[in-house]
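# Quick one, fold the following:
(one chain, ligands or ions: 1)
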Amino acid sequence: MDLQRPDSYQGGAGPDFNEHVLHKTILVGDSGVGKTSLLVQFDQGKFIPGSFSATVGIGFTVSTGQHCRLCTWIWDTAGQERFRSVTHAYYRDAQALLLLYDITNKASFDNIRAWLTEIHEYAQRDVVIMLLGNKADMSSERVIRSEDGETLAREYGVPFLETSAKTGMNVELAFLAIAKELKYRAGQSADEPSFQIRDYVESQKKRSSCCSFV
Ligand SMILES: Nc1nc2c(ncn2[C@@H]2O[C@H](COP(=O)(O)OP(=O)(O)OP(=O)(O)O)[C@@H](O)[C@H]2O)c(=O)[nH]1
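Residues are numbered from 1 along each chain as shown. Next comes the predicted model:
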(Lines give C-alpha, C1' and ligand atoms only; values in the text may rest on other atoms or scores of the structure.)
Protein backbone atom coordinates (compact mmCIF):
# COMPACT_ATOMS: atom_id res chain seq x y z
CA MET A 1 0.00 0.00 0.00
CA ASP A 2 1.09 3.51 -0.63
CA LEU A 3 1.61 5.37 2.60
CA GLN A 4 3.40 8.48 3.71
CA ARG A 5 6.42 8.59 5.90
CA PRO A 6 6.08 11.02 8.78
CA ASP A 7 7.41 14.51 8.00
CA SER A 8 10.34 14.04 10.31
CA TYR A 9 11.57 10.91 8.55
CA GLN A 10 15.10 11.46 7.26
CA GLY A 11 15.94 7.90 6.23
CA GLY A 12 18.39 5.71 8.10
CA ALA A 13 17.54 4.42 11.53
CA GLY A 14 14.48 6.59 12.08
CA PRO A 15 13.52 9.99 13.42
CA ASP A 16 15.25 11.72 16.25
CA PHE A 17 12.49 12.33 18.75
CA ASN A 18 14.71 13.54 21.53
CA GLU A 19 11.85 14.44 23.78
CA HIS A 20 10.43 10.90 23.85
CA VAL A 21 11.85 7.48 24.48
CA LEU A 22 10.49 5.73 21.42
CA HIS A 23 10.34 1.99 21.12
CA LYS A 24 10.66 0.18 17.83
CA THR A 25 7.96 -2.30 16.89
CA ILE A 26 8.08 -4.32 13.66
CA LEU A 27 5.28 -6.10 11.81
CA VAL A 28 6.31 -9.40 10.24
CA GLY A 29 4.64 -12.35 8.53
CA ASP A 30 3.95 -13.79 5.08
CA SER A 31 3.03 -11.55 2.19
CA GLY A 32 -0.69 -10.72 2.14
CA VAL A 33 -1.50 -11.53 5.78
CA GLY A 34 -2.49 -7.90 6.36
CA LYS A 35 0.51 -6.18 8.01
CA THR A 36 0.08 -2.92 6.12
CA SER A 37 -3.68 -3.01 6.57
CA LEU A 38 -3.32 -3.57 10.32
CA LEU A 39 -1.01 -0.61 10.63
CA VAL A 40 -3.32 1.61 8.55
CA GLN A 41 -6.26 0.57 10.73
CA PHE A 42 -4.31 1.38 13.88
CA ASP A 43 -2.82 4.63 12.62
CA GLN A 44 -5.69 6.05 10.57
CA GLY A 45 -8.69 4.03 11.75
CA LYS A 46 -9.59 2.91 8.24
CA PHE A 47 -9.46 -0.11 5.96
CA ILE A 48 -8.91 0.08 2.22
CA PRO A 49 -10.52 -3.10 0.87
CA GLY A 50 -8.85 -5.21 -1.77
CA SER A 51 -6.00 -2.78 -2.33
CA PHE A 52 -3.32 -5.44 -2.25
CA SER A 53 0.03 -4.10 -3.29
CA ALA A 54 2.99 -5.82 -1.71
CA THR A 55 5.30 -3.80 0.47
CA VAL A 56 8.76 -3.55 -1.06
CA GLY A 57 11.57 -4.16 1.41
CA ILE A 58 10.92 -1.85 4.33
CA GLY A 59 8.21 -0.10 2.40
CA PHE A 60 7.38 2.69 4.79
CA THR A 61 7.35 3.59 8.38
CA VAL A 62 4.70 5.24 10.45
CA SER A 63 5.39 6.84 13.74
CA THR A 64 2.78 7.41 16.36
CA GLY A 65 5.59 9.11 18.20
CA GLN A 66 4.86 12.57 16.85
CA HIS A 67 1.81 12.65 19.10
CA CYS A 68 3.29 10.00 21.37
CA ARG A 69 -0.01 8.14 21.47
CA LEU A 70 1.82 4.96 22.42
CA CYS A 71 5.38 6.22 22.03
CA THR A 72 6.05 3.41 19.61
CA TRP A 73 7.81 3.74 16.28
CA ILE A 74 6.24 1.11 14.04
CA TRP A 75 7.86 -0.41 10.99
CA ASP A 76 6.07 -2.37 8.31
CA THR A 77 8.08 -5.02 6.47
CA ALA A 78 7.64 -6.91 3.23
CA GLY A 79 6.50 -10.49 3.63
CA GLN A 80 7.97 -11.62 0.35
CA GLU A 81 10.93 -13.98 0.56
CA ARG A 82 13.06 -11.88 -1.80
CA PHE A 83 13.14 -8.98 0.67
CA ARG A 84 14.01 -11.14 3.68
CA SER A 85 17.68 -10.17 3.85
CA VAL A 86 16.64 -6.50 3.94
CA THR A 87 14.14 -6.99 6.72
CA HIS A 88 16.51 -9.07 8.87
CA ALA A 89 18.70 -6.02 9.35
CA TYR A 90 15.80 -4.24 11.02
CA TYR A 91 15.11 -6.95 13.60
CA ARG A 92 18.26 -6.27 15.60
CA ASP A 93 17.22 -3.08 17.34
CA ALA A 94 13.51 -3.87 17.56
CA GLN A 95 12.00 -4.08 21.04
CA ALA A 96 8.80 -5.73 19.80
CA LEU A 97 7.57 -7.85 16.91
CA LEU A 98 3.98 -8.40 15.87
CA LEU A 99 3.96 -11.71 13.99
CA LEU A 100 0.92 -12.16 11.76
CA TYR A 101 -0.73 -15.01 9.95
CA ASP A 102 -4.00 -15.01 8.01
CA ILE A 103 -6.74 -17.25 9.47
CA THR A 104 -7.90 -18.04 5.90
CA ASN A 105 -4.43 -19.09 4.73
CA LYS A 106 -2.96 -22.32 6.14
CA ALA A 107 0.49 -21.75 4.64
CA SER A 108 0.80 -18.44 6.46
CA PHE A 109 0.05 -20.24 9.74
CA ASP A 110 2.43 -23.13 8.98
CA ASN A 111 5.18 -20.59 8.26
CA ILE A 112 4.94 -19.07 11.73
CA ARG A 113 7.49 -21.55 13.09
CA ALA A 114 9.97 -20.51 10.39
CA TRP A 115 9.35 -16.86 11.21
CA LEU A 116 10.00 -17.56 14.88
CA THR A 117 13.26 -19.32 14.01
CA GLU A 118 14.35 -16.25 12.04
CA ILE A 119 13.29 -13.93 14.82
CA HIS A 120 15.32 -15.91 17.35
CA GLU A 121 18.30 -15.79 15.01
CA TYR A 122 18.24 -12.08 14.16
CA ALA A 123 16.34 -10.25 16.90
CA GLN A 124 17.36 -9.41 20.45
CA ARG A 125 16.87 -12.25 22.89
CA ASP A 126 14.37 -10.35 25.01
CA VAL A 127 12.31 -8.97 22.12
CA VAL A 128 8.57 -8.89 22.90
CA ILE A 129 6.70 -11.10 20.44
CA MET A 130 2.95 -11.23 19.91
CA LEU A 131 1.19 -13.67 17.58
CA LEU A 132 -1.78 -12.31 15.64
CA GLY A 133 -4.29 -14.31 13.59
CA ASN A 134 -5.54 -11.62 11.22
CA LYS A 135 -8.65 -11.42 8.94
CA ALA A 136 -10.85 -12.73 11.76
CA ASP A 137 -13.82 -11.08 10.02
CA MET A 138 -13.60 -13.69 7.21
CA SER A 139 -15.31 -16.41 9.24
CA SER A 140 -16.74 -18.30 6.24
CA GLU A 141 -13.24 -18.73 4.80
CA ARG A 142 -11.53 -19.59 8.07
CA VAL A 143 -9.15 -22.59 7.91
CA ILE A 144 -7.20 -21.99 11.12
CA ARG A 145 -9.17 -22.39 14.33
CA SER A 146 -8.66 -19.91 17.11
CA GLU A 147 -7.56 -22.80 19.38
CA ASP A 148 -4.74 -23.64 16.95
CA GLY A 149 -3.41 -20.11 17.25
CA GLU A 150 -3.73 -20.30 21.05
CA THR A 151 -1.88 -23.62 21.18
CA LEU A 152 1.00 -22.41 19.01
CA ALA A 153 1.32 -19.20 21.03
CA ARG A 154 1.35 -21.16 24.29
CA GLU A 155 4.07 -23.44 22.93
CA TYR A 156 6.30 -20.42 22.31
CA GLY A 157 5.19 -18.55 25.43
CA VAL A 158 3.88 -15.55 23.54
CA PRO A 159 0.55 -13.70 23.79
CA PHE A 160 -2.04 -14.32 21.09
CA LEU A 161 -4.92 -12.37 19.61
CA GLU A 162 -7.15 -12.71 16.61
CA THR A 163 -7.48 -9.39 14.80
CA SER A 164 -9.27 -7.84 11.88
CA ALA A 165 -7.70 -4.96 10.03
CA LYS A 166 -11.09 -4.60 8.34
CA THR A 167 -13.33 -4.17 11.39
CA GLY A 168 -10.61 -3.00 13.75
CA MET A 169 -11.22 -5.93 16.12
CA ASN A 170 -8.39 -6.13 18.70
CA VAL A 171 -6.10 -3.88 16.64
CA GLU A 172 -5.81 -1.18 19.29
CA LEU A 173 -5.47 -3.86 21.99
CA ALA A 174 -2.52 -5.51 20.21
CA PHE A 175 -0.52 -2.29 19.99
CA LEU A 176 -1.59 -1.17 23.45
CA ALA A 177 -0.46 -4.44 25.05
CA ILE A 178 2.94 -4.15 23.38
CA ALA A 179 3.28 -0.53 24.48
CA LYS A 180 2.34 -1.42 28.06
CA GLU A 181 4.87 -4.24 28.16
CA LEU A 182 7.64 -1.98 26.83
CA LYS A 183 6.71 0.73 29.28
CA TYR A 184 6.79 -1.79 32.09
CA ARG A 185 10.21 -3.05 31.05
CA ALA A 186 11.51 0.50 30.88
CA GLY A 187 10.43 0.95 34.51
CA GLN A 188 7.82 3.54 33.61
CA SER A 189 4.78 1.68 34.99
CA ALA A 190 4.67 2.78 38.60
CA ASP A 191 0.95 1.99 38.66
CA GLU A 192 1.50 -1.60 37.43
CA PRO A 193 4.35 -3.09 39.45
CA SER A 194 4.07 -6.60 37.97
CA PHE A 195 2.67 -6.29 34.46
CA GLN A 196 2.47 -9.55 32.44
CA ILE A 197 1.57 -9.09 28.80
CA ARG A 198 -0.04 -12.54 28.40
CA ASP A 199 -2.23 -12.05 31.48
CA TYR A 200 -3.17 -8.59 30.28
CA VAL A 201 -4.18 -9.82 26.81
CA GLU A 202 -6.15 -12.75 28.28
CA SER A 203 -8.00 -10.51 30.73
CA GLN A 204 -8.88 -8.01 27.99
CA LYS A 205 -10.10 -10.83 25.73
CA LYS A 206 -12.33 -12.17 28.53
CA ARG A 207 -13.68 -8.69 29.20
CA SER A 208 -14.65 -8.12 25.58
CA SER A 209 -16.18 -11.60 25.11
CA CYS A 210 -18.11 -11.45 28.37
CA CYS A 211 -19.70 -8.10 27.50
CA SER A 212 -20.01 -8.18 23.76
CA PHE A 213 -23.78 -8.79 23.97
CA VAL A 214 -24.34 -5.63 26.00
N1 LIG B 1 -11.24 -9.12 5.04
C2 LIG B 1 -10.03 -8.70 5.41
N3 LIG B 1 -9.08 -8.43 4.46
C4 LIG B 1 -7.87 -8.01 4.89
C5 LIG B 1 -7.52 -7.87 6.26
N6 LIG B 1 -6.25 -7.46 6.34
C7 LIG B 1 -5.81 -7.33 5.09
N8 LIG B 1 -6.76 -7.66 4.21
C9 LIG B 1 -6.64 -7.68 2.74
O10 LIG B 1 -5.59 -8.59 2.44
C11 LIG B 1 -4.79 -8.10 1.37
C12 LIG B 1 -3.32 -7.99 1.79
O13 LIG B 1 -3.18 -7.01 2.80
P14 LIG B 1 -1.81 -6.19 3.05
O15 LIG B 1 -2.06 -5.33 4.25
O16 LIG B 1 -1.31 -5.52 1.83
O17 LIG B 1 -0.80 -7.41 3.41
P18 LIG B 1 0.76 -7.36 3.82
O19 LIG B 1 0.95 -8.39 4.88
O20 LIG B 1 1.14 -5.95 4.20
O21 LIG B 1 1.49 -7.82 2.48
P22 LIG B 1 3.06 -7.59 2.03
O23 LIG B 1 3.26 -6.11 1.97
O24 LIG B 1 3.20 -8.25 0.69
O25 LIG B 1 3.94 -8.26 3.05
C26 LIG B 1 -5.42 -6.76 0.95
O27 LIG B 1 -6.31 -7.01 -0.12
C28 LIG B 1 -6.20 -6.32 2.18
O29 LIG B 1 -7.30 -5.49 1.85
C30 LIG B 1 -8.55 -8.19 7.24
O31 LIG B 1 -8.37 -8.14 8.46
N32 LIG B 1 -9.77 -8.60 6.74
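# buried set for stretch 198-212?
Buried residues in stretch 198-212, counting neighbours by 16 or more other C-beta atoms under 10 Å, are found at 198, 200-201, 205. The C-beta positions use only the backbone N, C-alpha and C, and glycine is treated the same way.
# again with stretch 98-110
Going by neighbour count (16+ other C-beta under 10 Å), the buried part of stretch 98-110 is 98-105, 108-109.
# Pick out the least confidently modelled helix or strand of this structure, by mean pLDDT.
When each helix and strand of the chain is scored by mean pLDDT, DSSP states H and E, strand 61-63 comes last, with a mean of 50.
# a markdown table for the buried residues of stretch 198-212, including pLDDT and secondary structure?
A markdown table is the format used below for the buried residues of stretch 198-212 (pLDDT from 0 to 100; DSSP: H, G, I helix; E, B strand; the rest coil):
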| residue | pLDDT | secondary structure |
| --- | --- | --- |
| Arg198 | 90 | helix |
| Tyr200 | 92 | helix |
| Val201 | 92 | helix |
| Lys205 | 84 | helix |
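# which stretches of this structure form strands?
With strands called from DSSP state E, the chain shows them at 23-29, 61-63, 72-76, 96-102, 128-134, 160-162.
# would you list those in a markdown table and tack on distance to the ligand?
Output for those, formatted as a markdown table (distance: least, C-beta to the nearest ligand atom, whole Å):
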| stretch | distance to the ligand |
| --- | --- |
| strand 23-29 | 6 |
| strand 61-63 | 12 |
| strand 72-76 | 6 |
| strand 96-102 | 7 |
| strand 128-134 | 5 |
| strand 160-162 | 10 |
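# Just give the number of residues close to Glu118.
For Glu118, the neighbour count with other C-beta atoms under 10 Å is 15.
# any idea how far the ligand is from it?
According to C-beta to the nearest ligand atom, to the nearest Å, Glu118 stands 14 Å off from the ligand.
# That'll do, ta.
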